[in-house]
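>>> Make a model of this:
(2 chains)
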Amino acid sequence: MATIIVTFTCYIINMATRIDIPHVSRDERIGSVFNEMFKVIYATDNSDSTEVEWDFSHCAFFHPFFIAPLAIYKQHCGKSITATNRHGHLDKYLNLIKFDNTLDIHTVDNAQNVLNGYLGKSYIPICRFVSSSGSDVDCIQSVLQEIIERQSKMSGELRTPLSYMLGEIVGNIEEHAYSKYGYIYSQYLPSEKAINICIADAGITIHGSYVRRNRFLDKIGDNEAFALRFANDGYSTKDLPGAESRGFGISTSKRMLVDGLGGQFFMLSGGAFHRYDTNGSVFVNLPPDICWNGTITLMRIPVSAPAGFDYHKYVK
Amino acid sequence: MTNFIIIADFIGQDIRSRNTMAPLHEAAKTGATIEADFSGVVFITRSVADEICIIADKYHNLKITGMQGSVLDLYNIVSESRKMGRHRPIDTSTIRNFDNIKEFSAFMRNL
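Predicted structure coming up:
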């Protein structure tokens, strides 16, 4: 009887597709980690097996912009993924950031109790929150932000801009994504003198939002990068004709971050991404075989503001 | 008779989601005179400021009081911006398209 069980176990393991997870410790220009990420996504999505083994034996450390999206993808890809060969401190690190099971923070009390334990760290774990209206998402953001500010000892004048950027990007999940959950992960990297924040959802994507509301489709068509550019130019799916007061969230946050603070911005939605940093702006339609099921925003936020930075200049 | 809503107590001091203004909308819709007191509110997003403007424009029985500091600044910016035409900073960068992984990967390496 014992022999039969062992044989069966080996069979299952042999059926699993093994994929090497690369050692991605740097993200020179924001979103460049996705070059490696897309390879993992492509290999996983195109595996014939529903069982996939991610082999971490080549890894020692991950840049936050790689590991957080990887964890979120793992939850939503529809495959059964086993993360193996997580040796020593890597296993400890993955457990601490809640790589396998993201941390649910659905109430303010829950968020405060759990996250206070991270005050002495440089990161918050990968948190999952309910993104529907009427949830405690505003208060939860306040709790998260306080932890982030204290961890990074960021300049006090950045408090309002950080509130603004978090509020607008998370607000877009609530209003447009049709995603039950949103995700947030943050890590302060002293070497970059910046806070790296990843905000994601598993929703209908920006292009999907225009399709759902039947807005601007004559201009956008099926071009997802064009939809991304429309959203970044401030064309809201919810604007009423003659009352274009919506759609400022992404564009103002992005300009405040990059033009005002010298930070970096990256947004991936469905089959397209956009990067905006001091070197310029780029929109890219991904090859047909690669897709992110939802929207993910990366922001690299310096912990001090340049002299003369004026928050109000960017919200006009 | 005026109905007072102390926003900091009823909704919060740090208000980020547009949807949080739904109770204010409902209160104004009744036709009763409403005074929404924002004393103690320390932050609102642009979206929230816009939603307050939408409600205030629609229901003249709503009076907004108590805004201070950056909350008042943002509210005034949004209120003025709504009166003027929309000026969008247009991004003229080109859109790159890729048909296969190999080309895309090469592009990403040099991006």
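
>>> from here on, contacts and neighbour counts on C-alpha atoms
OK.

>>> ok, A:Ile81 touching A:Lys74?
Yes - in terms of CA atoms under 8 Å, A:Ile81 counts as a neighbour of A:Lys74; the distance is 6.9 Å.

>>> Give me the local confidence score for A:Ile4.
According to the prediction, A:Ile4 has pLDDT 39.

>>> Do stretch A:31-46 and chain B come into contact?
Yes - against chain B, stretch A:31-46 shows contacts by CA under 8 Å from any CA of the partner chain at A:Ser32, A:Asn35.

>>> List of residues touching that stretch?
Here stretch A:31-46 makes contact (CA atoms under 8 Å, 6 or more residues apart in numbering or on different chains) with A:19, A:21-22, A:24, A:26-27, A:52, A:65-66, A:70, A:73, A:77, A:79, A:266, A:275, A:289-290, A:298, B:105, B:108-109, B:111.

>>> next one: stretch A:158-168
By CA under 8 Å, 6+ apart, the surrounding residues in contact with stretch A:158-168 are A:138, A:141-142, A:145, A:149, A:249-250, A:253, A:256, A:303-305, A:311, B:16-17, B:43-47.

>>> any idea which strand is longest in chain A?
Ranked by number of residues, the top strand in chain A under DSSP state E is strand A:292-302.

>>> Could you count how many residues lie near residue 109?
Here I'm looking at chain A. 13 (other CA atoms under 10 Å in any protein chain shown).

>>> not quite, I wanted chain B
Each residue near B:Arg109 was counted by other CA under 10 Å, and the total is 11.

>>> Equivalent analysis for A:Arg300, please.
By other CA under 10 Å, 28 other residues sit near A:Arg300.

>>> so which helix or strand takes in the residue most central in space within chain B?
Centroid check for chain B by CA atoms, centre = their mean gives B:Ser47 as the closest residue, at 1.7 Å. Element membership of B:Ser47 [criterion: DSSP states H and E] is helix B:46-58.

>>> and that helix, which residues are buried?
For helix B:46-58, burial by neighbour count (16 or more other CA atoms under 10 Å in any protein chain shown) applies to B:Arg46, B:Ser47, B:Val48, B:Ala49, B:Asp50, B:Glu51, B:Ile52, B:Cys53, B:Ile54, B:Ile55, B:Ala56.

>>> next one: stretch B:93-103
B:Ile95, B:Asn97, B:Ile101.

>>> right, and the second one touches A:Val282 too?
No - in terms of CA under 8 Å, B:Asn97 does not count as a neighbour of A:Val282; the distance is 11.2 Å.

>>> Can you get me the start-to-end distance on stretch A:263-281?
Distance across stretch A:263-281, first residue to last, is 13 Å (CA to CA, to the nearest Å).

>>> how far does it sit from the chain's center?
Averaging C-alpha positions (CA atoms, centre = their mean, to the nearest Å) puts stretch A:263-281 12 Å from its chain's average.

>>> could you give the mean pLDDT of it?
95.

>>> same question, stretch A:99-118
On average, stretch A:99-118 scores 89.

>>> close to chain B, is that stretch?
No - using CA under 8 Å from any CA, we find that stretch A:99-118 stays clear of chain B, coming within 12.5 Å at best.

>>> cool, stretch A:251-268 as well?
No - counting by CA under 8 Å from any CA, chain B is not contacted by stretch A:251-268; separation bottoms out at 8.7 Å.

>>> and for that stretch, what are the contacting residues?
With contacts defined as CA under 8 Å, 6+ apart, stretch A:251-268 is touched by A:29-31, A:161, A:164-165, A:168, A:231-234, A:273-278, A:292, A:295-302, A:305-306, A:309-311, A:314-315.
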